[in-house]
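Novice: Have a look; sequence and predicted model below, questions after that.
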Amino acid sequence: MKTSMKSIKIKDLAQISGASVQEVEMAIKKNPAIKFNYRLLTVNEQREVISKIQNKLIQNDLPVSGENDPTRWEVGWTEILKSIENSTFTPELLKPQYFKYDIFRLNQNFIKVSDIDFEYNLFALLRNIVFKKYLSSYSKIIEVGCGTGGNLYALRNLFPEASLIGCDWTKSSLQILDIISQNVSKKIEGKCFNMLTLEGKENLQMCQDTAVITIHSMEQLGNSFSPILDYLLYKKPGIVFHLEPIFEFYDSGNDLDDLAIKYHKKKNYLNGYLPALEELEQKKMIKIIQKHRTHFGNLFEEQYSLIAWKPKT
């Protein structure tokens, strides 16, 4: 028997985003028709999902993060690039291919949705809420690992006067930014930059009026985050903002979290970054503004945890 339908309400969105109810209400005003309906899985469905995850964990061909090879990403973003080149531009074309699931994690439970755009719509709303909350006062915003440029397109709509720069290690990503720039009122600059090696760092100028953001890109560094962290400490932007899977937020005593921990390790996703920031804060080198677990994610992990910090000047 199926479980009853539920919906994510404004107070739930506030809990997920770490923002106030008022901040959420302001963001929803632009898209009041979007509904986030879901139901909890039945016992049998949950068993099937857990079995699927366990099978994934024993596969030997899962791509692993932390390797200095943009080939896989070049292939993926080239697919998006060709789709954009062959169509009339719409922001929907910027949606990455990994938004494809109908089962998610919410508050350490599995949920099932009927709308295949559920995750993307919730991410887009979460993104707008936290962008407005943390980035409104900055005249320059640099996204490191910008992928398809969807986040920069959203930023252009939110902050039309801001100077926007997208950095990526793939040529196709920078070509996508060129196309986006042709369809917005103010150009978005593209810069080639490798987070692992810092190749291209000379092209990035930042100061106290600069915000640096990463969304689902720091995850690819594994435990090799020291170069980019040291670089940010040296350059001292006004704020550094992340939406990433944060290993240390998981609770190993929770069965669903334990699966996410194993998946996180299997993929060699970002590990040790939050403790490194906390140590820097203890040394009074940075100020952590926010560290927040959204308790929302895909089938395998929670990839929307929020960290915002500022280097001490």
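Specialist: Here it is on my side, so go on.
Novice: where along the stretch 1-150 of the chain do the strands fall?
Specialist: 5-7, 37-40, 103-106, 109-112, 140-144 (DSSP state E, counting those that start in this stretch).
Novice: Kindly reformat the ones you listed as CSV containing distance to residue 93.
Specialist: Every C-beta, even on glycine, is put in place using the N, C-alpha and C of the backbone. Below are these laid out as CSV (distance: least, C-beta to C-beta, whole Å):
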stretch, distance to residue 93
strand 5-7, 29
strand 37-40, 26
strand 103-106, 23
strand 109-112, 27
strand 140-144, 18
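Novice: Show me which residues of the lengthiest helix in the chain are buried.
Specialist: Longest among the helix segments of the chain by residue count, using DSSP state H, is helix 118-135. For helix 118-135, the neighbour count (16 or more other C-beta atoms under 10 Å) marks 118-120, 122-131, 133-135 as buried.
Novice: mind checking how far it is from the chain centre?
Specialist: The chain centroid and the centroid of helix 118-135 are separated by 10 Å under C-alpha atoms, centre = their mean, to the nearest Å.
Novice: and which of the buried residues of helix 118-135 is nearest residue 192?
Specialist: Of all those, the one with the least separation from residue 192 (C-beta to C-beta) is residue 135, at 23.3 Å.
Novice: Look up the closest residue to that closest one, ignoring the ones flanking it.
Specialist: Spatial nearest neighbour of residue 135, excluding adjacent residues (C-beta to C-beta, 6 or more residues apart in numbering): residue 211 at 5.0 Å.
Novice: Next, the contact list for the one you found, please.
Specialist: Applying C-beta atoms under 8 Å, 6 or more residues apart in numbering, we find residue 211 in contact with 134, 135, 138, 140, 141, 142, 237, 238, 239, 240, 241.
Novice: now residue 81
Specialist: 172, 175, 176, 179.
Novice: For it, give me the pLDDT.
Specialist: If you check residue 81, the pLDDT there is 93.
Novice: what's the answer for the one 5 residues further on, then?
Specialist: Reading off the per-residue confidence, residue 86 sits at a pLDDT of 92.
Novice: Residue ranges in the stretch 101-250 of the chain under the pLDDT threshold?
Specialist: For the stretch 101-250 of the chain, no stretch is flagged by pLDDT under 70.
Novice: What ranges does it have for its helices?
Specialist: 118-135, 150-158, 171-181, 226-235 (DSSP state H, counting those that start in this stretch).
Novice: how big is the angle separating the second one from strand 140-144?
Specialist: Yep, that's helix 150-158 we're talking about. Relative orientation of helix 150-158 versus strand 140-144 (axes from the mean of the first three to the mean of the last three C-alpha atoms, to 10 degrees): 160 degrees.
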